[in-house]
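[1] Quick one, fold the following:
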Amino acid sequence: MDQWIASPTASLATFALNMLLGLALSAVVAWYYQAYGQSLTNRRKLAALLPILTLTTGIVISIVKSSLALSLGLVGALSIVRFRTAIKEPEELLFLFIAIAIGLGVGAEQRWVTVVGVALLLGYLAIRLVLNRQSENHNLYLNILVDESPEASLSKVNACLLSHVDVVDFRRLDSRDGTLQLTYFIDCRDSQIVNDLVADLQATFAGAEISLLQHEQVLGD
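    The predicted structure is shown next:
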């Protein structure tokens with residue numbers, strides 16, 4: 001029956017050291033997520049919760065690791081937990097798992113493994129972020145609505161676009177009620193060129209309605 005009885009395996013000083021290490025690592029992860037995350041949700045709120053999640057996980061692991069009975073009780077307790085809010089973005093789930101992993105590591109007193117693991121993860125994420133920025137396509141979704149006339153033909157709109165940008169990917173044409181709606185993907189790396197393009201379109205085609213939207217996919221997809 002002794003294996004069912006919890007017995008302390010670490011001093012309070014060791015426990016405090018583990019928790020401080022977990023807090024420091026999770027704070028670094030939270031800072032990285034808030035500064036460089038790509039999620040559209042409020043990153044500040046989730047980042048503030050990551051250290052709390054890490055410490056909670058670390059405390060639980062520190063308590064149950066010395067007792068099989070407590071471990072089984074934890075499984076039973078977690079089986080009745082229901083999460084009402086779905087995680088909508090994969091990046092949120094990724095950082096939640098990183099915070100939990102830190103808590104598991106420090107709770108199990110695997111300090112160096114945890115530190116090295118977090119360093120490798122953040123290093124990989126930083127390298128990927130730099131490479132993605134260097135290869136960014138700067139694609140824009142362009143929608144043009146003009147009054148249909150010989151002066152506002154598809155070929156003339158194309159010619160106007162090509163006088164400003166090198167790559168124009170025509171996608172759709174709609175003609176109805178005397179209006180012509182054209183949809184393009186364009187590759188433009190300079191905001192001033194975009195401004196000049198919009199001004200030229202408005203000057204060439206009187207009354208034209210123009211909308212631009214950032215497009216994150218590769219041109220031509």
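[2] which SS class is the residue nearest the centre of the chain?
    The geometric centre of the chain, computed from its C-alpha atoms, lies nearest to residue 38 (Cα atoms, centre = their mean), at 2.8 Å. In the three-state summary, residue 38 is assigned as coil, counting by DSSP: H, G, I helix; E, B strand; the rest coil.
[3] so who does it touch?
    Applying Cβ atoms under 8 Å, 6 or more residues apart in numbering to residue 38 gives the contacts residue 91. (Each C-beta comes from the backbone N, C-alpha and C, glycine too.)
[4] can you pull the pLDDT of it?
    For residue 38, the pLDDT comes out at 75.
[5] next one: residue 41
    What the model reports as pLDDT for residue 41 is 67.
[6] Residue 207 and residue 147 touch, don't they?
    Yes: with contacts defined as Cβ atoms under 8 Å, residue 207 counts as touching residue 147 at a distance of 6.2 Å.
[7] Which SSE is immediately downstream of the helix or strand bottoming out on mean pLDDT in the chain?
    For the chain, scoring each helix and strand by mean pLDDT, DSSP states H and E identifies helix 68-78 as the least confident one, at a mean of 59. Read in the C-terminal direction, the helix or strand following helix 68-78 is helix 90-107, with elements assigned using DSSP states H and E.
[8] in that next one, what's buried?
    91-92, 94-96, 98-107 (16 or more other Cβ atoms under 10 Å).
[9] which one of those residues sits closest to residue 129?
    Closest to residue 129 out of the buried residues of helix 90-107 is residue 91 (11.8 Å), distances taken as Cβ to Cβ.
[10] quick one: contacts for that closest one?
    Taking Cβ under 8 Å, 6+ apart, we find residue 91 in contact with 33, 37-39.
[11] and these, which two are the farthest apart?
    Farthest-apart pair in those is 33 and 38; separation 9.7 Å (Cβ to Cβ).
[12] Go through stretch 194-214 and flag the buried ones.
    Of the residues in stretch 194-214, those with enough neighbours to count as buried (16+ other Cβ under 10 Å) are 194, 197-198, 201, 204-205, 208.
[13] how does this structure divide into domains?
    2-134, 139-215 (automatic domain parsing).
[14] any idea how far the first one is from the chain center?
    From the chain centre to the centre of domain 2-134 is a distance of 18 Å (Cα atoms, centre = their mean, to the nearest Å).
[15] mind checking the SS state of residue 143?
    For residue 143, the assignment made with three-state DSSP gives strand.
[16] Now the residue nearest to it when sequence neighbours are not counted, what are its backbone angles?
    Excluding the flanking residues, the one nearest residue 143 by Cβ to Cβ, 6 or more residues apart in numbering is residue 211, at 4.6 Å. The phi and psi torsions at residue 211 (degrees, to the nearest 10) take the values phi -130, psi 140.
[17] cool, residue 22 as well?
    For residue 22, the backbone dihedrals are phi -60, psi -40 (criterion: degrees, to the nearest 10).
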